[in-house]
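Asker: Fold the following and give me the result.
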Amino acid sequence: MEKSKFIDQLFEAVLTLESIDECYEFFSDACTPKEIQSIAQRFAVAKMLNEKYVYNDIVEATGASTATISRVSRSINSGYAKAFSRLDK
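Answerer: Down below sits the predicted model:
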């Protein structure tokens, strides 16, 4: 992804949020419910791929299509890895 001042401002705003409730408020203003669900589903898929689940189990657990799982699999990079390691602490 190419950096821009608008994306920087968005990420800076996200970094100011202090609770899950604040995240719900912010993302409810910034995104449609479907967009939030899609991001959450992709995160769940990435987490399961990271934990070495097979596609069929991921489809069953998340409802994601195999095409979505494949796209997420191709895009997993250090960003997900950092988040997963920090969540595990």
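
Asker: Tell me where the longest helix sits in this structure.
Answerer: Ranked by number of residues, the top helix in the chain under DSSP state H is helix 33-50.

Asker: Pull out the buried positions in that one.
Answerer: 41-42, 44-49 (16 or more other CB atoms under 10 Å). Yep, even glycine has a C-beta here, placed from its N, CA and C like the rest.

Asker: Save those as TSV, and put in pLDDT and distance to residue 5 too.
Answerer: Listed next are those as TSV, based on pLDDT from 0 to 100; distance: CB to CB, whole Å:
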residue	pLDDT	distance to residue 5
41	97	29
42	95	25
44	96	31
45	97	30
46	96	27
47	94	31
48	95	34
49	95	32
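
Asker: returning to that earlier point: need the contact partners of the longest helix of the chain.
Answerer: Contact with helix 33-50 is made by 27-28, 31, 57-58, 61-64, 68-69, 72-73, 76, 80-81, 84, as judged by CB atoms under 8 Å, 6 or more residues apart in numbering.

Asker: Kindly report the same for stretch 15-27.
Answerer: The contact list for stretch 15-27, computed with CB under 8 Å, 6+ apart, reads 13-14, 36.

Asker: quick revisit: nearest to residue 7 among the buried residues of helix 33-50?
Answerer: residue 42 (17.8 Å; CB to CB).

Asker: rewinding a little: show me how to select, in ChimeraX, the buried members of the contacts of helix 33-50.
Answerer: Of the contacts of helix 33-50, the buried ones go into a single ChimeraX selection, burial set by 16+ other CB under 10 Å:
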select :27,58,62,64,68,69,72,80
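
Asker: Out of the contacts of helix 33-50, list just those in helices.
Answerer: Per DSSP H, the contacts of helix 33-50 map to helices at 27-28, 57-58, 61-62, 68-69, 72-73, 80-81, 84.

Asker: Tell me which of these has the lowest pLDDT.
Answerer: Lowest pLDDT of the ones in helices among the contacts of helix 33-50: residue 81, 84.

Asker: can you pull the contacts of that one?
Answerer: Residue 81 neighbours (CB under 8 Å, 6+ apart): residue 50.
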